[in-house]
Structures are given as structure tokens and as C-alpha cells.
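1. attaching a predicted model along with its sequence, questions to come.
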Amino acid sequence: MGKILLTWYGITDFRSSLDFERGGTGPVLGALMSDDYSDVVILGCGLDESQKAVSCIGKDQFAGELGGIDKTDFKQMADFVHKYANTTLAHEHYLEWLKKSMQEVGCGTRIQFCPIKLKKLNDTDGIYEAANTAMGLVSREHPDALISLFLSPGTPVMAFVWALVSLNYPRIKKRLISSSQPNKNPESILLPEEWMEWNGRQNRHAEESSEDYDVCFHLFGDQRLPSYWGIKQFNSKKHVFVTSKSYRPHELKPFLQGTEYAAINVDPYNPEDVRTRIIKWLKSVPNNARVAFNLTGGTKLMYAGALSACRKINGTPFYFNIKANSVVNLLTFKAEPIKRITSIEPFFALNGRNLKISNRGIWYEVPDINIPGRRELMKFLSIRPWIIAKHYQELAQASDVKKHRAQVTHEGFVPFSLQVSGLKTSIDATGRVQLQLKGNNFEFDHFPGYAKFITGGWFEEWLYSSMKHLVDAGIIFDLRINFEVSFDALVKHQSSFSSNNTEEKSFQELDLTFTDGSRLYIIECKAGKVTSEHVMKIENIVEKYGGVGGRGILAACFEPDDAAVRKRIQESRTCKLVFGNTMAKQIEEIIKADRRDYIQP
């Protein structure tokens, strides 16, 4: 299990290291000799005014002055201690003496020393922040250890603060110890029962309603999703977004559902500015308000400043861990599942940078999706994709709107006729389609979107149909096909299945997209040859729209034969490859791998 000693070192310890305390070891060394501690974390007070007074003095002068002191002259000793206490020279001398003394008595405790800058000896805020930070770090690094908080060294305020800090960690194994006399071993002490009972009630109340708050702060930056998770996860009367001039959280207003909204502009690279502005804003909030901090977004320095503000006002900090699909309470380290996002549209509303949905990608809204024979042709091509794959270029050229602009019908397609080895097909101006493929005949009375379908659209529809059971099983949500986003000026309620007018085409079309409840997945379908450019395309799309944890899947009819393409996919952080007849199963395995460490509801 291990035992950890957490302590300040004080004037008596420093005097002992100077041999000004006759036969004295000092409180810290005495405590280390009294028990079998694996580690000790020592906090050392540093005062700017003390440091300035000796800033030009080196170790040699320090040692020379110490050697010239008459240790029967109490004034000389007191003046030396007053001059050097709480300085870097004092810290260095004390640590050297402590290590030497421990070695002499056979004490193998590991030492970690933390110099702490304080405004004055009784800087309560600074002492509390240092002690609370140290306790948090030690409890995370040694979660199963017994932590002893030593009250004797340092000032009375330092001892008082250790008692306060111990209440912040009800689940950590800990004890308070104190030395009643310099030459006696420390003994455990207990806090008053009434105080402990009150603190227990406070902790139980926090756990009973961990999702209900009066105010919830969100760190807001380039990534919008962490703030959206926080809005969904916590019931708060007011959401406050801590941001900078570079980012505006107005995209989140539609998701607030009537709750109050506020924003605080900070310097994202100045933690003290972040801390100060949050605390200033909170002055208008009642002291008994329940305050949560969503620390997932923003910069690391914003995190540091906000966490410091959270500790000062006794708020509750949270962090969303997308890899584990959990939100972690940073006080108790309790993790809960992130509430599911069952629609893909919030991802685009947050990451689309003012783009609007121009095609919802709903299956039953696909033009002519249920015309007789379409599904049969789709199945035929899925079993024999190589039959049509070698003719994609010829079909695309024959139906190209730009190349044959003068022939485009009012429904937006080009009538064409093509006959090559093993393939004979045509579509006339009325939309009538005939297809002969390796001795198999297919006819459609009206199929204006035939060109898109025959040059690869069939593959997207087949994969959609193959994945539908994943929706039914609750493994994925909101599967869409040919979902489109556009600038406002380009949205004309058109469909890419029936219109090829370049002035109306959507800004971005996604073959297939869905969510697993936490991440956005985007599938790029390639019915023909796969190139490195295709890998780059899906990576860029995922980066643009996927946000935190976004995933891309490149679905190919055929396994890539280019070694460079295979290597590019293997090295991709966001993109996976599936191919062959079991693509739906492969996609399911990718999702399960992403969710392997998830905490299930």
C-alpha cells in the first residue's frame, strides 16, 4: 500500500539543519525516523522579500557566514535565520542536510521538494492552493497509499489549512499527525466530530444530485463538442462560456433550450487572467450556489486557471474523456457515461462554420429510391462489382454535364448511349433506361438519377442497406446517405440525385455518415480504384466536421493494390479501410474497437 508523508518544513527544521537546535532533528526528520514512509513531499515557503535580500549571495558566502557564527550567541543565530529563512539558499542547505542525515540513520524514503511562493507567511489563499494541489497530485499518483498530513512544521495557518484540505478528499486513506513535543514521535489527531459530520453531509448532498447546478462554466476554443457535451450532461440554470476574442460560442445557443447564457473573454494563454475573471464574474452569484466547471475544451493554460478558480470557490470540476466515453468528476474521480448524441446534425451545426444542411440524407427522400428493379440491380452489382468497375470512366464521360451542357434535360441529366465490350446501356430524354450487362437485362421506365447510380451510387446504397441492422441493434444512430451541407446562398432544396447544375451543387456531400452516440463517423465509398488522394480527402473531411474523436472509414469494393495507399491508411490517425463482401461486419468491429474501454450505461 505504501505510506506518504505530506508536510511543510519550518523554522525549527531549518535551525536543526544549521545545528542551532542542540541534539535536535527537527519535526520533519523526526517524523521520517518514526515510521516507514516510502515517500515524503515537502513544501518549502519562499518569500520574495527574503529572496531579494540575499539574491547576490552564493553558497560559498552562505557557508562562510554559517561557519563564523558563535553557537552560544543566540542573537547571531537568530539574525542568520531571519536573513536566510524562506530563500532558495535555505532550501538547498536544508535538503542537503536532510538527505545526509537520512542516509546516516538508514532512512530510504524518497524525497520530493516543492518550493512554494507566498505573498507573506500567512498567505492563506496561497497556502491553501499549494496544499490542495499537493494533496491532489499525491492522491492521484499513489491512490492506494496512506497519506499522513503533518501539522507541526510551518505556521499555524499551514497546520489549519492541512485540516481543511483533508476534508476535500473523503475517499482517500489519510490521517492528520502532530508532534506535541519536539523529541517525541508524531501522533494521530482527529478533527471535531461535528465538523466531520457537517462535511459528510456536504459530500453526500453533492453526490445525490451531481448533474444539477446553478452555474456551469465551459472552456470554449477551437473544439465545440466538449461544451456541447457539458450542456447535454449537466442540468444548469446558467451556462457560462470562458473563451477568447478568436472564438464565439454563439453556435451553442440553439442547444441551451431556454437556459441562461453568458460569455467571459479571457487571455487563453494567461492562467491568472482566466482565474481572476472567473472569480470576478462569480461575485454576483450567491455563496451557496452549486457551480460546475467543464474543463475539457480551451488551452492547457485555460485549464490551469479555471481549475484554480474552481478550487477557490469549492466548485466541482469535470473532464470529458472521449476515448472512454465517460465524464470524470475530478474531485472524486468517479466516471459516468457521456449522454448519447443520437443525431449527426449537432456535429455539423457546431463544426460546420455556418454551413447549412441542403440535403438531409434520409433514405426514403432519395429520388426514385423505390422504383422497381433498382434494388435488384444494386444486389447484382454488389456480387459482381468488377463487371461495371472497368467502365466507370467511359460512363462518367458519356453523362458529364459540363461536357454535354447543351443536352441537359430539365431534370438535370444528360441523355446518352454507350456500347462497349460486355456493356450496352442508354437513357433517353424521358428518363427511360436500358442496360445489358454480361447477358443480364435491366429496364427502368423513369430513372433520371441513373448516371450517378451506375457510376458508384449503387455501392453507397448497398453499403447503407448492409449497415441498417446496426441501427436496429442500437450500435449506431442516425445513418444518413449523401448528406449535404452548403452555404446559405447555395441552398436551393436541390437533390444531387436529380440535379447536376454546378451553381446549385452542395458545398460538401458525404456518402454515408452516422454516430455511435459519442463520435461522428464519415464513410467515403469508392466503387473503383483507391488512391492516396482519396485517403487524404476523407482525413480532411473528418478533421473539418468530426471534431473531437471523429472517425473516417474508406469503404472500397476492391483491396488497394498500391503499397503507398495501404501504408498511408495504416499510418492514418483518423481513417480506417474496409473492403470486400463483409464491410458492414468490418465497420462494426471498428466501432467496437473504438468503444472497447467504454463505460456502458
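-> Cool, got the structure.
2. you'd agree residue 227 is up against residue 294?
-> Yes - when contacts are counted by CB atoms under 8 Å, residue 227 is listed as touching residue 294 (6.8 Å). (C-beta placed from N, C-alpha, C; glycine too.)
3. any shared contact partners between the two?
-> 218, 219 (CB atoms under 8 Å, 6 or more residues apart in numbering).
4. what's near enough to touch residue 131?
-> Residue 131 makes contact with 43, 158, 161, 162, 165, according to CB under 8 Å, 6+ apart.
5. could I have stretch 213-225 exported to CSV, CA atoms only?
-> Coordinates of each C-alpha in stretch 213-225 appear next as CSV, following Å, rounded to 0.1, in the frame of the first residue of the first chain:
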residue,chain,number,x,y,z
TYR,A,213,-26.0,23.1,-10.9
ASP,A,214,-26.8,26.8,-10.7
VAL,A,215,-23.9,27.7,-12.9
CYS,A,216,-21.8,25.6,-15.3
PHE,A,217,-18.6,27.0,-16.8
HIS,A,218,-17.3,25.7,-20.1
LEU,A,219,-13.8,26.2,-21.6
PHE,A,220,-14.5,27.1,-25.2
GLY,A,221,-12.0,27.2,-28.0
ASP,A,222,-11.4,25.6,-31.4
GLN,A,223,-13.3,22.5,-30.4
ARG,A,224,-17.0,23.0,-29.9
LEU,A,225,-18.1,19.5,-28.9
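6. what is the rounded mean pLDDT of it?
-> Regarding stretch 213-225, the rounded mean pLDDT is 88.
7. right, and the helix or strand after the lowest-mean-pLDDT helix or strand in the chain?
-> Within the chain, no helix or strand scores below helix 193-208, which has a mean of 47 by mean pLDDT, DSSP states H and E. Per DSSP states H and E, helix 193-208 leads on to strand 212-219 as the next helix or strand towards the C-terminus.
8. buried stuff in that following strand?
-> Under the neighbour-count criterion of 16 or more other CB atoms under 10 Å, strand 212-219 has 213, 215, 216, 217, 218, 219 buried.
9. what comes into contact with that strand?
-> 226-227, 230-231, 234-242, 249, 278, 282, 285-286, 289-298, 302-303, 306, 310, 315-316.
10. who does that strand pair up with?
-> Based on DSSP bridges, the pairing partners of strand 212-219 within the sheet are strand 235-243 (parallel), strand 291-294 (parallel).
11. hey, which of those is tucked in deepest?
-> Ranked by average neighbour count under the criterion mean count of other CB atoms under 10 Å, those are headed by strand 291-294 at a mean of 26.
12. what about that one, distance to the chain center?
-> 15 Å (CA atoms, centre = their mean, to the nearest Å).
13. again, but for stretch 519-537
-> Remark: stretch 519-537 is offset 26 Å from the chain centroid, using CA atoms, centre = their mean.
14. quick one: end-to-end length of that stretch, please.
-> Between the opening and closing residues of stretch 519-537 we find a distance of 19 Å, counting by CA to CA, to the nearest Å.
15. same check, this time on stretch 418-433
-> Stretch 418-433 has an end-to-end distance of 12 Å (CA to CA).
16. could you do stretch 95-112 as well?
-> 10 Å.
17. that older thread, closest one to residue 369 among the strands paired with strand 212-219?
-> For those, the distance to residue 369 is smallest for strand 235-243, at 40.8 Å, taking CB to CB.
18. and that closest one, how far out from the chain middle?
-> The mean C-alpha position of strand 235-243 is separated from the chain mean by 18 Å, CA atoms, centre = their mean.
19. mean confidence for that strand?
-> The pLDDT scores in strand 235-243 average 92.
20. for the stretch 1-150 of the chain, what spans make up the strands?
-> Here the stretch 1-150 of the chain has its strands, by DSSP state E, counting those that start in this stretch, at 3-8, 39-47, 110-118, 146-150.
21. apologies, that question was intended for the stretch 351-500 of the chain.
-> Taking DSSP E, counting those that start in this stretch as the criterion, the stretch 351-500 of the chain contains strands spanning 356-359, 416-420, 423-427, 433-437, 440-444, 477-486.
22. got TSV for those, with mean pLDDT and mean neighbour count too?
-> Supplementary listing: the strands of the stretch 351-500 of the chain in TSV, determined by pLDDT from 0 to 100; neighbours: other CB atoms under 10 Å:
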stretch	mean pLDDT	mean neighbour count
strand 356-359	86	20
strand 416-420	91	13
strand 423-427	93	19
strand 433-437	92	18
strand 440-444	93	14
strand 477-486	92	22
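23. in TSV: these, plus distance to residue 536.
-> TSV is the format used below for the strands of the stretch 351-500 of the chain (distance: least, CB to CB, whole Å):
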stretch	distance to residue 536
strand 356-359	24
strand 416-420	31
strand 423-427	31
strand 433-437	33
strand 440-444	35
strand 477-486	20
